[in-house]
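Trainee: please work out how this folds:
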Amino acid sequence: MAGWKSPTADTDVLVVGAGPAGLATALQAHAHGATVRVVDRREHRVRPSRAMMLHARALEGLRPLGVTEELLNRADTTPEARIYLGRRTVEARLGHADLPDTAFPHLTLVRQADVEDVLWKALHARGVPVDWGVEFRGLVHGLTAESGGVPVLPEGPVHADLQDVHGGRGVHRSRFLAGCDGQSSTVRGLLGAQWRGGTYGVEAVMADLELDGSLDSGLLHVAVGQAGLVFLFALGEGATWRMLATRPAVPPPDARFGQLGPPVPAEDVARLVRESGLGAAVREVRWSAQIPLQHRIASTFGNGPIFLAGDAAHAHSPAGGQGMNNGILDALNLGWKLGFASTAGRPLPELLETYGQERRLAARRVLALTHVIFFGEASPHPAARLARNVLPLLAPALPMLLRQRWLTSKGIRLLAQPFVHYRNSVISRDGTPPAKAWPRPGARLPDASVSVDGRLVRLHELTSVPGIHLLLERDAEPVASAALRTLLPAEGQGPRLHVHRLTSHPGQGVVAVRPDGYVGFRCGEADPVQLRAWLRLVGAAPD
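Mentor: Alright, predicted model coming up:
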C-alpha cells in the first residue's frame, strides 16, 4: 500500500486502543517478553475521565508493573462520603476497611485520566510506542471463511491496515492483535462477535462544575432521590467539582454507547443539582456530556490471534465503579499470555484459549453485580423507586450501621471481585499430592506474611515483579530446589521465573503463582517433573 508507513518495526503484539485496558495490556505483554505497539485513533492523549475509582484487585495486579505507587500518589485512599437522604445526612468512612489480605484495604478514588497518564508514562519509559491519531481500519488479508458462524483468520501474522489523521495508510504486521477499542469496537465487528445484552432506560450525565454553597470539598457527596443518584466529587478536571448523575434516557439517533455524547444544556445540569437536595447551586458549567448506557458482553473474547479486552468485550453501567477495573483485569490476564506466547518459540493455543474462558465468565459475574446495583441506584422501575423513597425513613439507623467496619469492609471487598476465580481453567492444576494448605489453583493468592531467608515479608511484596513465582515450602528437598532452579532461563531469555523458599511454611511442597496473581499450580512435593509439565503448558519451560 502506497503512502504513509508504520514508524515502528513490526511487533509481537499490536494493541488497538489506548484506554486503561489497552495501555495495561501493552505494559503486561511487554513486561513478559513481547514487543508491543499501541495505536489509538484519538489525536490527543488527554480526554475527560469517565471512571473515577480503582479497587484492590486491580491495584494488586498492577503492582508488579511498577505503577501502583504513582497511582496512589494521585489518588484519595481515605475517602469519606456524606449521604443525603431527604432532610437527613449520614456520614460514611469508605477508606478504612478490615481487609487483612491485601495491601490496598480501601476504596481508591482516582481519575481515569490519571490512570491513563501513569500507564502511558510507564510505557514511554520502556520505549513502547503509543501512536495517537492512527486508526485501525481492518485486516489487509481479511477473514477467509466462516466455521459455525465464526470468521476464520488466515494462517500467519496479522496484517493490520492503519491510517493516520492525514489519510496516509500503512500495514503493521504482528503475531497478535488486542482490540481494546471501546464499546463501538472495530475489532469486535471484524471478529463477527455478537454483542449480547441490552440498553438501559437511564443515561448518565457528567459535568465539571463550579458551585455556590457550603459543600465540603474533602467529601464525596451522594444524594439519593426518587429519580436516582447524584454524586459530586471534588475531582473535576476543568473545574472544582465533577458531577455524575442519572436521568431517564433520551439518546440521540446516532448515540455511541460508552462514548461521551453531546453537551447537556446548562439549565438541565443546574436542575439535577438543585433537585438533588445537596444545598448547592451551579455557578458555572465548564464541561458536560450525556452518556448512553448499556449492559452487554461479546459472544467471544478471541478468535485465533485476535482478542478483545475492556469495553470492547463487555459494557457495564457505572454502578460499583467496575468498568475500568474489569478492563485492567482483562489486560493483566491477557498480557502475560501474549508475552509468553511471543517468546515460547512454539504455538501455545491452549494457553491463549484460557483468556476467553477465564475472563468471559468473570465478565458475566461482574455484569450481574453491576446490573443489580444499578437497578437499586437508578432504575425507574416502581420497586426501585419505592426502595429509594423508603431510604430516608431508615436514616436514623444508618449511622450505627455504617460505624460497623465489618459492614463497610464487606462492601469494599465485594467491589474488589472476590467471586472471580479461574478454578476450572485448564492451566489451573493440582499436583500429586496436592498442597492443601495453599489456595486451590485458579484462586487469588492472598497477601499473607511469610519469612524468606530470615526476613519477614508480605506475599504480594515478594511477588511484586513480573513473571511466575515459585514458592518452595521450608522442608522441600535441596535436590528438588536445585532441580527447580535448572528451569530458570538465562538472563534476558524467555519468561521470568523466580524461586522463593518460605521458611515460615513447613512442608515439602511448591506453589506456582501466575503473573496476574493467581495460583496456577500446587503440589505437596516439590516435584520438578510435575512442575515442569505445568510450566511447559504456559510456555515458561522449553520442550
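
Trainee: low-confidence ranges, the stretch 401-543 of the chain, go.
Mentor: Flagging of the stretch 401-543 of the chain using pLDDT under 70 yields the residue ranges 401-408, 478-495.

Trainee: err, the chain, not the other one
Mentor: When the per-residue scores of the chain are filtered using pLDDT under 70, the ranges that remain are 1-9, 95-96, 142-155, 225-227, 250-259, 375-408, 478-495.

Trainee: quick one: buried residues of the top helix by length along it?
Mentor: Counting residues, the longest helix found in the chain (DSSP state H) is helix 349-378. For helix 349-378, the buried set under the neighbour-count rule, 16 or more other Cβ atoms under 10 Å, comprises 351-360, 362-363, 366-367, 369-371, 373-378. Where you see a C-beta, it was placed from the backbone N, CA and C, and this is true even at glycine.

Trainee: helices or strands up against it?
Mentor: Using 3 or more Cβ pairs under 8 Å, 6 or more residues apart in numbering; DSSP states H and E as the contact test, the elements touching helix 349-378 are strand 228-233, strand 294-298, strand 302-303, strand 306-308, strand 314-315, helix 323-343, helix 382-394.

Trainee: which of the ones you listed sits closest to Thr35?
Mentor: Across these, the minimum distance to Thr35, taken as Cβ to Cβ, is reached by helix 323-343, at 7.4 Å.

Trainee: any idea how far that closest one is from the chain center?
Mentor: Mean-position distance between helix 323-343 and its chain equals 9 Å (Cα atoms, centre = their mean, to the nearest Å).

Trainee: burial measure for Gly507, as a count.
Mentor: Neighbour count for Gly507, taken as other Cβ atoms under 10 Å: 18.

Trainee: which non-adjacent residue is nearest it?
Mentor: Once its chain neighbours are removed from consideration, Gly507 has its nearest residue in Glu473; the separation is 3.6 Å (Cβ to Cβ, 6 or more residues apart in numbering).

Trainee: surely that neighbour meets Val510?
Mentor: Yes - at 7.1 Å, Glu473 counts as touching Val510 under the criterion of Cβ atoms under 8 Å.

Trainee: where do the contact lists of these two overlap?
Mentor: Any residue near both Glu473 and Val510 by Cβ atoms under 8 Å, 6 or more residues apart in numbering counts here, and that gives Ala435, Ala526.

Trainee: settle it for me: which of the two has more neighbours?
Mentor: Each of Glu473 and Val510 has its neighbours counted (other Cβ under 10 Å); Val510 has more, 28 against 22.

Trainee: mind listing what that one touches?
Mentor: For Val510, the contacting residues are 431, 435, 470-473, 476, 480, 484, 521-523, 525-527, 531, taking Cβ under 8 Å, 6+ apart as the criterion.

Trainee: kindly report the same for Leu535.
Mentor: With contacts defined as Cβ under 8 Å, 6+ apart, Leu535 is in contact with Ile468, Leu487, Leu497, Ala512, Ala541.

Trainee: hang on, it in a helix?
Mentor: Yes - membership of Leu535 in a helix is supported by DSSP: H, G, I helix; E, B strand; the rest coil.

Trainee: the strands in the stretch 51-200 of the chain, which residues?
Mentor: If you assign secondary structure with DSSP state E, counting those that start in this stretch, the strands in the stretch 51-200 of the chain sit at 53-54, 80-85, 88-93, 108-109, 130-132, 134-139, 145-147, 150-152, 158-164, 169-179, 195-199.

Trainee: please name whichever of the ones you listed is nearest to Lys410.
Mentor: Using Cβ to Cβ as the criterion, the shortest distance between Lys410 and these is 13.6 Å, found for strand 88-93.

Trainee: how far away from the center of its chain is the closest one?
Mentor: Its chain's average C-alpha position is 30 Å from that of strand 88-93, according to Cα atoms, centre = their mean.

Trainee: for it, buried residues please.
Mentor: Residues Arg88, Thr89, Val90, Ala92 are the ones in strand 88-93 that count as buried (16+ other Cβ under 10 Å).

Trainee: tell me the contacts of Asp330?
Mentor: Applying Cβ under 8 Å, 6+ apart, we find Asp330 in contact with Ala21, Thr25, Ala309, Gly310, Ala313, Arg359, Ala363.

Trainee: neighbour-wise, which one of the residues you listed leads?
Mentor: Across these, the neighbour count under other Cβ under 10 Å reaches its highest value at Ala309, namely 34 neighbours.

Trainee: wait, a strand at Pro263?
Mentor: No - with the criterion set as three-state DSSP, the secondary structure at Pro263 is coil rather than a strand.

Trainee: tally of neighbours for it?
Mentor: Each residue near Pro263 was counted by other Cβ under 10 Å, and the total is 14.

Trainee: re earlier: most tightly surrounded among the strands of the stretch 51-200 of the chain?
Mentor: Using mean count of other Cβ atoms under 10 Å, the stretch among those with the greatest mean number of neighbours is strand 53-54 (a mean of 26).

Trainee: direction included, what does it pair up with?
Mentor: Within its sheet, and counting by DSSP bridges, strand 53-54 is paired with strand 108-109 (antiparallel).

Trainee: what are the contacting residues of the strand it pairs with?
Mentor: Outside strand 108-109, the residues that reach it (Cβ under 8 Å, 6+ apart) are 52-55, 59, 71-72, 75-77, 79, 220, 233, 235.

Trainee: cool, stretch 362-379 as well?
Mentor: Stretch 362-379 has contacts (Cβ under 8 Å, 6+ apart) with 197, 200-202, 228-229, 246, 295, 297, 313-314, 316-320, 322, 326, 329-330, 381, 384-385, 387-388, 414, 417, 419-420.

Trainee: quick one: buried ones out of those?
Mentor: Among the contacts of stretch 362-379, the ones that count as buried by 16+ other Cβ under 10 Å are 197, 200, 202, 228-229, 246, 295, 297, 313-314, 316-320, 322, 326, 329-330, 384, 388, 417, 420.

Trainee: quick revisit: closest to Leu260 among the contacts of Asp330?
Mentor: Nearest to Leu260, judged by Cβ to Cβ, of these is Gly310 at 16.2 Å.

Trainee: surely the closest one and Leu332 touch.
Mentor: No - here Gly310 does not reach Leu332: they are 11.5 Å apart, not a contact under Cβ under 8 Å.
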